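**Student:** The following comprises the amino acid sequence and a computationally predicted model.
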Amino acid sequence: MSIQDAQANGPGTRTALTLLEVMLATAFFFMAMFAILALVSGTLRNARALQRTEVDGGLLAAELSLTNRLTEASESGDFGDLYPGRAWRRDVYLAPVAPTNGLFQADFTITRKGNADAVESQMSILLFRPDSQSGIGAGMTGMTPPR
């Protein structure tokens, strides 16, 4: 062994990675990162597919609960872009239990558009609105204004 060999392999020498080793390490790193990204993306796609977009009457009930006065009526409509292909119907009437004390019952029905028999969800709530009492004999025809 010569003096130059001893100095080249001694404790004070520096060794560096070759360009080929750096390129291979970078390639392995990116392959691992893309594999992990594909796994996470596939998992998120499967989780989204498992979610069901069920519609219930809670949206309609929340909207109706904000009103101070109710009228006995039937209304219907759709949800627009929020829930495409779904329609709703709301029937508000005096509760049959006590028709003179301002207790109203609201029935909500959610169906698929184009098929009235395909009921997806039904819900009923009771609302106490004493300012909305109907007149005697008004029944389901409408409300009389409060005095």
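**Tutor:** Arrived safely.
**Student:** neighbouring contacts of the lengthiest strand in the chain?
**Tutor:** Taking DSSP state E as the criterion, the chain has its longest strand at strand 115-128. Strand 115-128 has contacts (CB atoms under 8 Å, 6 or more residues apart in numbering) with 54-58, 61, 64-65, 70, 86, 95, 102-112. Placement of C-beta: from N, CA and C, glycine included.
**Student:** Flag every buried residue along it.
**Tutor:** For strand 115-128, the neighbour count (16 or more other CB atoms under 10 Å) marks I125, L127 as buried.
**Student:** Over to stretch 84-97?
**Tutor:** Counting neighbours by 16+ other CB under 10 Å, the buried set in stretch 84-97 is R86, A87, W88, R89, R90, D91, V92, Y93, L94, A95.
**Student:** and A27, how far is that from M33?
**Tutor:** 11 Å (CB to CB, to the nearest Å).
**Student:** I meant A95, not that one.
**Tutor:** Noted for A95: a distance of 62 Å to M33, by CB to CB.
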